[in-house]
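**Q** Quick one: sequence plus predicted model below, questions after.
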Amino acid sequence: MISKIISKTKFEKEENCFEVELENTIFRPQGGGQPGDQGKLIKKDNSDQEFLIVNTFKKDNKIIHILKTDKQDSLNINDEVELIVNTDLKDELAKLHSAEHILFQSIKRIDEDAVVEKVNIHAQESSLFVKSPNLNIDKIIEAEKLANNIISENRNINIHEITKEEVPNYKLLRIKLEKIKDDKIRVVEIENFDQSACCGSHVKNTSEIGFLVISKINFIGKGTYEIRYKLNDLSLLFDLANTSRKARSILNVDSDQIIANITNLKTANENFKEKIRELSKLVNIEIKKEKLNNELNFWYAVFPGINKRDFIQKINEIEENNCIVCFINHDEIENKTSIAIRIINPASETDASQILNTVTESFNGKGGGNNLLAQGNIEIEKGESLDQVFKFIKQIL
């Protein structure tokens, strides 16, 4: 397609990029969780210079093309240009977007309370975030099976426009009217299965999609799951199958018993760890005390992975004015090291959170708190002594 440059401005969000508006375009802007079209722009003069278009989006009701180049002065307003869309990427995103509609509707059929919160369509791996108080992994896996059944039925995908006044006539339409500014609404309809307001690109028939496989399920919290998926990835299917085969071999059970055995092992492991923690409480821990040059008393000790409640109780049992207490809780089973710092009636302006921040920066950790009590986690290299942490704290006090 031949077009002409109307405007050109610097794109502030990324180096060596600028925004270009064209007289007309074949590039589709981003929307509905799908990135904008990519491709290239060729200057139609003797130079035939090429410029990469890395994204396309709408701004003030105009379609903006993001060009990445360090030769911005080579393009000027009124220059005639040729537009070439990366059709391979566009087609792949269309398949992924149609698959997302089918996958979510499949989840919705199994869990009617499911609500889609966010969609990210990407060529390598796409994801959708779904929220429901009743959603679980079993339902998501069941939805994956239903989605592939729908895809295999070669259903037509039709796109048409309706007005806002017509919306009540579409009882099954998935739509957020408050987010739609235009009077016309673009509806993507998967034959006898799903209707959704959408501005993204889609295939014409589900047969173009191939097959869908869920690559990862992350529980975000508060009833929300991130569901990642790929299309036509045989290597991923083989990896998942091999994992199942190896688990079956290690556990020496039939395939339908793998989950039950893993669940039992996990429960037994949790019980074992809890017993270890209970026994750890009976260990006589030596709490050391030193007077520092600034006249502060420094109390410190290492606990063998006791539970968090007991650990904090230990640090709160110290009662002495003008002192700093630093306790470390090292869980060898979980390979986790937590730290708590408490300041008791300081004569100086010593701040527990500032000390903790300095420690976590030096020992690759994180944490928080206030001037009197701060807690966090740190990382200790294998073979290194925890005494180095106490030595470090004494040096900075």
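**A** Received it, and whenever you're ready, just let me know what you need. Because the structure is predicted, anything quoted here is derived from the model rather than measured.

**Q** How far away from the center of its chain is the host helix or strand of Ser215?
**A** Element membership for Ser215, per DSSP states H and E: strand 212-221. Chain-centre distance of strand 212-221: 10 Å, with C-alpha atoms, centre = their mean, to the nearest Å.

**Q** Go through it and flag the buried ones.
**A** Residues 212-215 are the ones in strand 212-221 that count as buried (16 or more other C-beta atoms under 10 Å). To be clear about C-beta, it is placed using only N, CA and C from the backbone, and glycine gets the same treatment.

**Q** Tell me which helix or strand in this structure has the weakest average pLDDT.
**A** Scoring the helices and strands of the chain by mean pLDDT, DSSP states H and E places helix 258-280 at the bottom, with a mean of 87.

**Q** Work out which residue lies at the spatial centre of this protein.
**A** For the chain, the residue nearest the mean C-alpha position is Glu226 (7.3 Å; C-alpha atoms, centre = their mean).

**Q** what about that residue, distance to Ser196?
**A** 20 Å (C-beta to C-beta, to the nearest Å).

**Q** do Ile5 as well
**A** 35 Å.

**Q** now do Pro35
**A** Note on Pro35: its distance to Ser196, by C-beta to C-beta, is 18 Å.

**Q** what's the answer for Asp256, then?
**A** Look at Asp256 and Ser196: by C-beta to C-beta, they are 36 Å apart.

**Q** can you pull out the strands in the stretch 251-397 of the chain?
**A** Ranges of strands within the stretch 251-397 of the chain are 288-291, 297-303, 323-331, 336-344, 366-369, 373-378, based on DSSP state E, counting those that start in this stretch.

**Q** Let's have those in a markdown table, adding mean pLDDT and mean neighbour count.
**A** A markdown table is the format used below for these (pLDDT from 0 to 100; neighbours: other C-beta atoms under 10 Å):
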| stretch | mean pLDDT | mean neighbour count |
| --- | --- | --- |
| strand 288-291 | 91 | 11 |
| strand 297-303 | 92 | 19 |
| strand 323-331 | 92 | 21 |
| strand 336-344 | 93 | 21 |
| strand 366-369 | 94 | 15 |
| strand 373-378 | 95 | 20 |
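
**Q** So for Leu52, which of the ones you listed sits nearest?
**A** Minimum separation from Leu52 across the strands of the stretch 251-397 of the chain (C-beta to C-beta) falls at strand 366-369, 38.3 Å.

**Q** just the helices in the protein please.
**A** Using DSSP state H, the helices found in the chain span residues 87-110, 137-152, 234-251, 258-280, 308-316, 352-362, 387-396.

**Q** which of the ones you listed has the lowest average pLDDT?
**A** Comparing mean pLDDT across the helices of the chain, the weakest is helix 258-280, with a mean of 87.

**Q** to the chain's geometric centre, what's the distance from it?
**A** The answer for helix 258-280 is 29 Å, by C-alpha atoms, centre = their mean.

**Q** and that helix, what other elements does it pack with?
**A** When contacts are defined as 3 or more C-beta pairs under 8 Å, 6 or more residues apart in numbering; DSSP states H and E, helix 258-280 packs onto helix 234-251.

**Q** Report the buried residues of the helix it packs on.
**A** Buried residues in helix 234-251, defined by neighbour count with 16+ other C-beta under 10 Å: Arg248.

**Q** Quick check: bridge partners of Lys59?
**A** Lys59 has these beta-bridge partners by DSSP bridges: Lys62.

**Q** distance of it from Ser201?
**A** According to C-beta to C-beta, Lys59 stands 20 Å off from Ser201.

**Q** quick one, which of the two is more surrounded?
**A** Neighbours per residue (other C-beta atoms under 10 Å) separate Lys59 from Ser201, with Ser201 holding more: 21 against 10.

**Q** In contact with the more buried one, which residues?
**A** Listed by C-beta atoms under 8 Å, 6 or more residues apart in numbering, the contact set of Ser201 reads 28, 34, 90, 93-94, 97.

**Q** Pick the most deeply packed of the helices of the chain.
**A** Highest mean neighbour count among those (mean count of other C-beta atoms under 10 Å): helix 87-110, with a mean of 21.

**Q** tell me what that one is packed against?
**A** Helices and strands touching helix 87-110, as assessed by 3+ C-beta pairs under 8 Å, 6+ apart, comprise strand 126-131, helix 137-152, strand 184-190, strand 194-197, strand 212-221, strand 224-231.

**Q** All set now, cheers.
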